[in-house]
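*Asks:* Here is a sequence with its predicted model. Questions after.
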Amino acid sequence: MLEQDAGIGGQLLSVYNPIENYLGLCANNGRELLERFSAGIEGADFDLWTNVEIETVDLKAKRIALHSGEELQSISLVIATGVRRRKLGIPGEDEFAGRGIIESATRDRDLFAGRDVCVIGGGDAAAENALLLAEVCPTVTLVCRGKTLRARPEFKERLHGTHCITVFTEAVVQRILGNERVEAVEILRKNALKSFQMAVGGVLIRVGVEPGTELFREQLQVDELGYIRVNGDQETSVPNVFAIGDVSQPLAPTISGATGAGATAAKVIAARLNRDRKGSHRDTEAQSKK
Ligand SMILES: Cc1cc2nc3c(=O)[nH]c(=O)nc-3n(C[C@H](O)[C@H](O)[C@H](O)COP(=O)(O)OP(=O)(O)OC[C@H]3O[C@@H](n4cnc5c(N)ncnc54)[C@H](O)[C@@H]3O)c2cc1C
């Protein structure tokens, strides 16, 4: 198992809400669920390499070259690279990380209490975070590029009923400004000739996610958004290469979906290995009889 970060967990590390849709387990947050999962695999026979940087992958040959110079050869590959938050790519986004960029309203709400904030995005995540921030912030400005919000109707209704929330549709944030910390955003509204600056003490960005498929995209079938296409066995268009979890589930990304897909792929791989082993055993017996 190759993990680019210092430890396993992926998105679970940024889930600060209670997880209530994993059958039989209720966890207060992602880290708690990760602890339970980790206890479940204690003693299992597998190698975990962390802080790994994959240089190239040859899916057909099942060969992986690491930045460190090592090469790995396998019989099957399982891609579980998930998704990551899409970036806006605007000035200030990286510069103010940890200095006014709000990671999560659930986690950081108290740190931003009493400050005017801006939320960028128009989907469920942006709406939910705006509503949470509105509980402690004097004003919340939601800036959305589209004509209307994509968030579910109940979120939209609550947004419109919360007096401290202002929604700007057909508007983009062009820059995040400040000195030591975030102090303002520069907003451009559609059809306006000039952008304007709005003073804020925090910015939260939720503009969707993108699949981690850049290493593989040219070698297998992906959909128009870059998610890997799989069949019912979780197998990709390349034989013995499987994809599980969010990287192959654009419509219903869930923890139970990811673990279920992992179980399917593992079972298919094990069955094929057994079949091949039996096959080679039969060949050896036939050879010795001859
Ligand atoms: C805020 C939030 C709340 C959520 N709440 C819920 C919930 O309540 N219930 C629920 O079911 N789901 C929830 N989800 C979704 C859930 O977290 C995901 O569906 C699940 O974590 C997907 O797991 P995954 O293994 O497919 O991908 P990820 O969790 O994204 O893990 C991918 C892993 O691959 C690693 N990786 C990526 N690229 C490489 C590479 N090139 N080399 C090596 N390693 C790499 C990453 O570092 C990461 O560790 C939530 C997600 C978020 C962000």
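*Replies:* Yes, it's here.

*Asks:* check contacts around the residue of the stretch 101-250 of the chain found nearest the ligand.
*Replies:* Here the stretch 101-250 of the chain gets closest to the ligand at one residue, residue 245, 2.1 Å apart by Cβ to the nearest ligand atom. From N, CA and C alone the C-beta is placed, and that goes for glycine too. Listed by Cβ atoms under 8 Å, 6 or more residues apart in numbering, the contact partners of residue 245 are 80, 82, 253, 257, 258, 261, 262.

*Asks:* Tell me the most packed of these, by neighbour count.
*Replies:* When those are compared by neighbour count (other Cβ atoms under 10 Å), residue 261 ends up highest, at 23 neighbours.

*Asks:* got the contact list for that residue?
*Replies:* Shown in contact with residue 261 (Cβ under 8 Å, 6+ apart): 230, 234, 244, 245, 248, 249.

*Asks:* For the second one, give me its contacts.
*Replies:* If you count contacts by Cβ under 8 Å, 6+ apart, residue 234 has them with 242, 243, 244, 248, 261, 264, 265, 268.

*Asks:* Now the helix or strand of the chain with the lowest mean pLDDT: buried residues?
*Replies:* Lowest by mean pLDDT, DSSP states H and E among the helices and strands of the chain is helix 255-289, with a mean of 89. Neighbour-count burial for helix 255-289 flags 255, 257, 258, 261, 262, 264, 265, 268, 269 (criterion: 16 or more other Cβ atoms under 10 Å).

*Asks:* surely the third one meets residue 248?
*Replies:* No. Proximity of residue 258 to residue 248 does not meet the contact threshold set by Cβ atoms under 8 Å, at 9.2 Å.

*Asks:* which residues are common contacts for these two?
*Replies:* With contacts taken as Cβ under 8 Å, 6+ apart, residue 258 and residue 248 have no neighbour in common.

*Asks:* Give me every residue in this protein lying close to the ligand.
*Replies:* Proximity of the chain to the ligand is confined to 2-5, 10-12, 14-15, 17, 19, 21, 52, 54, 80-83, 212, 215, 245-247, 253-256, 258 under the rule Cβ under 6 Å from any ligand atom.

*Asks:* From these, list just the buried residues.
*Replies:* In the residues of the chain next to the ligand, burial by neighbour count holds for 2-3, 10-12, 15, 19, 52, 80-83, 212, 245-247, 253, 255, 258, counting by 16+ other Cβ under 10 Å.
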